[in-house]
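K.L.:
need a 3D model of the sequence below.
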Amino acid sequence: MADIIITDLKLNIQEENSTVFAADEVKGNFKKIFRLRVNFFDEIKFYTYDLSVLRYQEIWRFVLLLLRGRERYLIDRKGSRDEVNWLSFLFGDLPRLVWEYFVSLIVLIITEYRIVKISKVIKKRERKSFRFSIDKIAYLRSDPLYDLQCGGSISHIYGVAKGLINSGKKLFFISTDRLELINKLKCPVYVVNLFKRVRNLPEIPEMSYNQELFDEACRIFDREKPNLIYQRYSRNNYTGVTLSLRYKIPLIIEYNGSEIWMARNWGRKLIFKTITKRIEMLDLKMADLIIVVSEVMRKELLERGIEGRKILVNPNGFDPEMYSPEIKGEGIREKYGFRNKIVVGFIGTFGPWHGAEVLAQTITPVIQKNPNIRFLFVGDGARMPVVKEVIKMAHVEEFVILAGLVPQEEAAGYLASCDILVSPHVPNPDGSKFFGSPTKLFEYMGMGKGIVASDLEQIGEVLEHKKTAWLVKPGDFQDLAEGILELAADENLRNELGRNAREEALKKYTWDKHVRRTLDKLEEICTD
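P.N.:
Here you go, the predicted model:
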């Protein structure tokens, strides 16, 4: 019979005579696994980015063994190909799983001990003024995410890094992944494997990683001699705190929201929530400066007892060279047959907060009134299946292009192919205030295109209705449709909104200005 492929790569895998499933479709879905068991396959293959950083690797091997087939392989993009069989599982993978469970108990005990110990040090520590002479910065990126080619987090990392370099600072990264886009900036990237010790249990790998990252970072720090640490906060990581204490240099924490809240509302509930909360507070209390992207997040930290003087509200930004009205999109328009059409564009990672499915709902009422409009969705992610289902049920496939993921450096070309750009963000599911600062919003502004956006917290503060964008009621697809139709019918209006938006973005929201605000605030705090 034909082959079966399971992939966690964020790109399309196509092989002749093969059935392809995304790993997320199969993960934890035993009904899916047992439905597949009725078939017998020639080859069963699992494609991944890099076998050395494959989370739940031994569990995936077991899943492949549950399926019926002649041969089974784990394959990565580097060309590594591991055969999976019952012999190797019983004498290699199963013992590792048992060993990891015992190691995890030790990791939990050590983590508890270190939290208590560091908390005592922080209580006794007197705030001292640092000699403000920042010339080399260590950027810690400890997220358990790999092979990110696009998205808001990559835009933010690249933008801040480029801004720091433009300000005359030297920079190096210590990261879980290679961050290929950063290579263009010609700054060193030191990779420290997150899943070297534990990889088959939730949350424990991130706790275990603190010691491994600290040990390796010390060797790097001794050689590079940084005088500032910039850490993108990630769940259960406090390495920036321990490095700051050891080397007596200031620590900036980039805080993009509570991991506890995000897990409860957008992901899988945490098993060790209490420990995660304590580590989160440890980072926030120890940081000399905390960067948040919105006023909502600043208020949240104040309510949690964080000192207001060290919190800087610094919205996201854009690269004015990468996102510009000068970028041409004719090639994309030609590729998708958009020639004389009005194109409505959306780009994103299709997170629960992005509202991509709301945009999909607007397609029917929009084309009923203006069949010359086409929709371009760029990206992929959690809500893409919902978007596809909405489009399929409405029978509007001919009016929509789902372009999938594109490399970050190609994104501007796709935006340039559009006449109208949409930011249909939706309110938080628990009724709390939307705390985000969508990177796409500033990139849209940089492109100088007409924007239709949700009037939601910071989005409605950055944009002004009928001056820099057309604002609509969040989550209301009918209002969103009316906004799209208004701009589609009035080319002069959308061009005027686009010019105004670009001017506003250049004035306030470039990454260089974002970084300048950060460094100015740090100098104010450290020399106080």
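K.L.:
could you report the neighbour count for the closest residue to residue 23 other than its chain neighbours?
P.N.:
Of all residues not flanking residue 23 in the chain, residue 8 sits nearest, at 3.8 Å (C-beta to C-beta, 6 or more residues apart in numbering). In short, each C-beta sits where N, CA and C put it, glycine included. Around residue 8 sit 19 other residues, with neighbours defined as other C-beta atoms under 10 Å.
K.L.:
enumerate every residue touching residue 8.
P.N.:
Applying C-beta atoms under 8 Å, 6 or more residues apart in numbering, we find residue 8 in contact with 22-24, 46-49, 54.
K.L.:
equivalent analysis for residue 33, please.
P.N.:
26, 63, 66-67.
K.L.:
redo that, cut-off 7 Å
P.N.:
Residue 33 is in contact with 26, 63, 66, counting by C-beta atoms under 7 Å, 6 or more residues apart in numbering.
K.L.:
identify the residue nearest the last one in space, chain neighbours excluded?
P.N.:
Sequence neighbours aside, residue 33 is the residue nearest to residue 66 in space, at 5.7 Å (criterion: C-beta to C-beta, 6+ apart).
K.L.:
sticking with that neighbour, tell me its helix or strand.
P.N.:
Here residue 33 sits within helix 30-36, counting by DSSP states H and E.
K.L.:
can you check residue 174 too?
P.N.:
Assigned by DSSP H and E, residue 174 belongs to strand 170-175.
K.L.:
report the buried members of the contacts of residue 33.
P.N.:
26, 63 (16 or more other C-beta atoms under 10 Å).
K.L.:
kindly indicate which of the contacts of residue 33 lies nearest residue 213.
P.N.:
Nearest to residue 213, judged by C-beta to C-beta, of the contacts of residue 33 is residue 63 at 29.3 Å.
K.L.:
and that closest one, that's in a helix?
P.N.:
Yes - the assignment for residue 63 by DSSP: H, G, I helix; E, B strand; the rest coil puts it in a helix.
K.L.:
quick one, what contacts it?
P.N.:
26, 33.
K.L.:
low-confidence ranges, the protein, go.
P.N.:
By pLDDT under 70, the weakly predicted segments of the chain are 1-2, 10-17, 124-132, 528.
K.L.:
in terms of helices and strands, where is the residue sitting nearest the centre point of it?
P.N.:
Nearest to the mean C-alpha position of the chain, by C-alpha atoms, centre = their mean, lies residue 153 at 4.1 Å. Per DSSP H and E: residue 153 is located in helix 152-166.
K.L.:
contacts for that helix?
P.N.:
With C-beta under 7 Å, 6+ apart, helix 152-166 has contacts from 137, 139, 141, 148, 171, 179, 181-182, 185, 187, 232, 316-317, 319, 408, 438-440, 511-512, 514-515.
K.L.:
same check, this time on stretch 354-372
P.N.:
So stretch 354-372 is contacted by 341-342, 346, 348, 350, 373, 375, 377, 383, 386-387, 390-391, 394, 396, 399-400, 422, 424-426, 454, 475, 477-478, 480-481, 484-485, 488 (C-beta under 7 Å, 6+ apart).
K.L.:
one more pass at 6 Å, please.
P.N.:
With contact meaning C-beta atoms under 6 Å, 6 or more residues apart in numbering, stretch 354-372 is reached by 341-342, 346, 348, 350, 373, 375, 383, 386-387, 390-391, 394, 396, 399, 422, 424-426, 477, 480-481, 484-485, 488.
K.L.:
likewise for stretch 237-249?
P.N.:
In contact with stretch 237-249 (C-beta under 6 Å, 6+ apart) are residues 140, 142, 210, 213-214, 217, 227-229, 231, 251, 279, 282-283, 286.
K.L.:
how far away from the center of its chain is it?
P.N.:
How far stretch 237-249 lies from its chain's middle: 24 Å, per C-alpha atoms, centre = their mean, to the nearest Å.
K.L.:
for stretch 79-96, same thing?
P.N.:
Offset of stretch 79-96 from its chain centre (C-alpha atoms, centre = their mean): 32 Å.
K.L.:
what about the strands in the stretch 1-150 of the chain?
P.N.:
Ranges of strands within the stretch 1-150 of the chain are 3-7, 18-22, 40-48, 68-76, 81-83, 136-141, based on DSSP state E, counting those that start in this stretch.
K.L.:
and the last one, which residues are buried?
P.N.:
Across strand 136-141, burial judged by 16+ other C-beta under 10 Å covers 137-141.
K.L.:
circling back to that earlier point, what would the strands of the stretch 1-150 of the chain look like in CSV with distance to residue 194?
P.N.:
As requested, the strands of the stretch 1-150 of the chain are exported to CSV (distance: least, C-beta to C-beta, whole Å):
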stretch, distance to residue 194
strand 3-7, 20
strand 18-22, 22
strand 40-48, 14
strand 68-76, 16
strand 81-83, 19
strand 136-141, 11
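K.L.:
sounds good, over and out.
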